[in-house]
Structures are given as C-alpha cells and as structure tokens.
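**Q** A predicted structure for the sequence below; I have some questions about it.
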Amino acid sequence: MVELFLQTAQWSEAQFLALNYALVVIGFLLAKAVLPARKPIGRITFLLGLSLFALLFAVLDGGWLYLTVGHRYGMLEGMILTLFLLPAFHGAALQQISSARAADMWGSSGKDWIALVPFGVIVFVFKPGEKAAAAQDAPYSTGRATLRVLRDCALVLLSLAAFMTSRVVIETTEDSPLAYSAEVEQMWAEVTNTLSPSSQFKLEVAGTRPLLPFTLDSQTTLIAIRAADDHLYLTYRYKGYAEDLSDYHGLNLSDDACAADMFRSALMQGGTVHYEYTGGANVPIRDYTITAADCPSGIDS
C-alpha cells in the first residue's frame, strides 16, 4: 500500500482528480447495490446533507497531515488505505442522499445517478419534488408557515456555512506546513528505504522521467532513465572530452550514488546503478557500474 501511494504521489493533478472521481463512482455504485433505499427528502434537507458531508470529508482528508503519527505507531498502511478510500465513502454518502432526493422528485431513486454528472446536484437543489410541492400547497396557519420559512432559512444558512467551512478546511490542509516538515521528509525516506531495490528504482524512474531531458551542467544532460529488476540505468549526453570521463570521475559517481538520499539503501540490498555516457549521435563513450562494494562505509549523506 505504501509503495502504491509513493507511485501515485508522482501523478499529475489531473490524474489525481480522475482517480478521486473514479473512487466516488465506485462508492456510489456499491452503495446503490448494497444499501437500502432511503425515505424521500426535500431540497433543503438534501442541501444540508450535501454540505455536512462535504465538511466531514474535508476534515477527514486532513488526515494526510498526520501520517507521521501513524508511522510512529505502526499504523501508516492502515491510514493510507483509509484516506485513499475516502472518495469512495463520499460517493456512498452522495448516493444515499441523492436516491432519497430522487425518490421525492420522481417517486423512485432511479435517477440518483444525476448527482455524478458535473453540476448535477443543482437539479436536486432547485427542482421541486412531488411531496415537497404537495406540502407547499397544503394549508398552514400563519404562525406555522412563518416558523417553516424561518426554519428553512436557518437550514440554508447552516448549509452555506458548512460549505464555506469545508473550503477553508481544504485550503488550510493544502497550505499547512505540516505537509512539508522535516519529520515528513524523514518518514518518507525511512519508508522508501524499506522497499526492495526494484521498487526504489521504479519510483526513481517515475519521478525523473517527466523531467527529461535534465541538464546537469553545460556538458552533461540526462536524456534517459530506465529500471530493470534490481538495476537502474541512467543515460547522459556528454559534450566534453572523453578523457575527462576517467576512473576518478567514477569515484565521484560512487560517492553520489552511495549517499543516503540517493541510492544507498537500494545498493546495500543488492541493487546496481549504471551510468552510461554517450556523445554525438548517441555513440557510447564510457559507462560506470556502481554496486554496494563501491560505497565507502562512512557515507551517510
């Protein structure tokens, strides 16, 4: 689970949104298939439920900021799994209130899927339901009608407050310094180091490939990266003199590869890092192979 999370952490925002929407749909469909139908509800009750669920899941989503606590007590994988599935639970909650609203509007919950369509919830909020329309036409005393209007106004204001609060919670979570603390960096370093060399190299490829070509200096550009089992291959285009790629340069590469924040953990578990230098027309010039035997025992950073 941790490895899956580290892989998705390399995704773009569009990929994250697509994943969240897919989980919402899955949760929606599972709830529709498993959970019993709800009693019909009116527009204001639907709006209130929608806003309160939005606030609830915004607060729960803040759990990403406290993964270090889960890591400290051995619950990291459970926390990640739960937080990953939050959109599915949100989808289930959406299905429940949408089916109840659809039952009020059309007499059955068959059109609850409209809530999954972008801006579809607007239909549920503004279209009167059959029972709601009947209730509006029912005779009320002046005092009772006034209380009803005041109640509805209060619920609408409460719903708007919940929506606005959920936005504040989301923005606070996104901008929280807890997400970028030294403790968080240390936690992910420790977690990554527990992975196999193959997994660590796959993560390196996933994080580096979108940046290619990556210029290191005026003479050296990383043009390709790939992983095969416990081997990582980095290919550079080199514009300098071939004789500069000496054995001494290989020692510098060893120092870099053996650093704790690079590939030390993978190398110590039997991984191998290959540096391949090419010249014009991608003609090979020199290659270096780094293993654990090349790592000075004192290098930790």
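**A** Good, I have the coordinates. Numbers count the residues shown, from 1 in each chain.

**Q** how about the helices in the protein?
**A** Per DSSP state H, the chain carries helices over the ranges 2-8, 13-34, 43-61, 67-72, 76-84, 86-106, 121-126, 130-137, 142-175, 182-193, 197-208, 247-257, 264-268.

**Q** of all the ones you listed, which one is nearest residue 289?
**A** Set against residue 289 and scored by C-beta to C-beta, the helices of the chain come closest in helix 247-257, at 9.0 Å. From N, CA and C alone the C-beta is placed, and that goes for glycine too.

**Q** which strands or helices does that closest one pack on?
**A** Contacts defined by 3 or more C-beta pairs under 8 Å, 6 or more residues apart in numbering; DSSP states H and E place helix 247-257 against strand 284-290.

**Q** one step back: out of the helices of the chain, which gets nearest to residue 115?
**A** Of all the helices of the chain, helix 86-106 sits nearest to residue 115, with 3.9 Å by C-beta to C-beta.

**Q** export the closest one as PDB, just CAs?
**A** The C-alpha trace of helix 86-106 is given here as PDB (Å, rounded to 0.1, in the frame of the first residue of the first chain):
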ATOM      1  CA  LEU A  86     -12.400   8.400   1.500                       C
ATOM      2  CA  PRO A  87     -13.700   9.400  -2.000                       C
ATOM      3  CA  ALA A  88     -15.500   6.000  -2.200                       C
ATOM      4  CA  PHE A  89     -17.100   6.700   1.200                       C
ATOM      5  CA  HIS A  90     -18.000  10.100  -0.100                       C
ATOM      6  CA  GLY A  91     -19.600   8.600  -3.200                       C
ATOM      7  CA  ALA A  92     -21.600   6.200  -1.000                       C
ATOM      8  CA  ALA A  93     -22.900   9.100   1.100                       C
ATOM      9  CA  LEU A  94     -23.800  11.100  -2.000                       C
ATOM     10  CA  GLN A  95     -25.700   8.100  -3.300                       C
ATOM     11  CA  GLN A  96     -27.800   7.800  -0.200                       C
ATOM     12  CA  ILE A  97     -28.900  11.400  -0.100                       C
ATOM     13  CA  SER A  98     -29.300  11.600  -3.900                       C
ATOM     14  CA  SER A  99     -31.500   8.500  -4.000                       C
ATOM     15  CA  ALA A 100     -33.700   9.900  -1.200                       C
ATOM     16  CA  ARG A 101     -34.000  13.200  -3.100                       C
ATOM     17  CA  ALA A 102     -34.700  11.500  -6.400                       C
ATOM     18  CA  ALA A 103     -37.500   9.500  -4.700                       C
ATOM     19  CA  ASP A 104     -39.100  12.800  -3.600                       C
ATOM     20  CA  MET A 105     -38.800  14.300  -7.100                       C
ATOM     21  CA  TRP A 106     -39.800  11.300  -9.300                       C
END
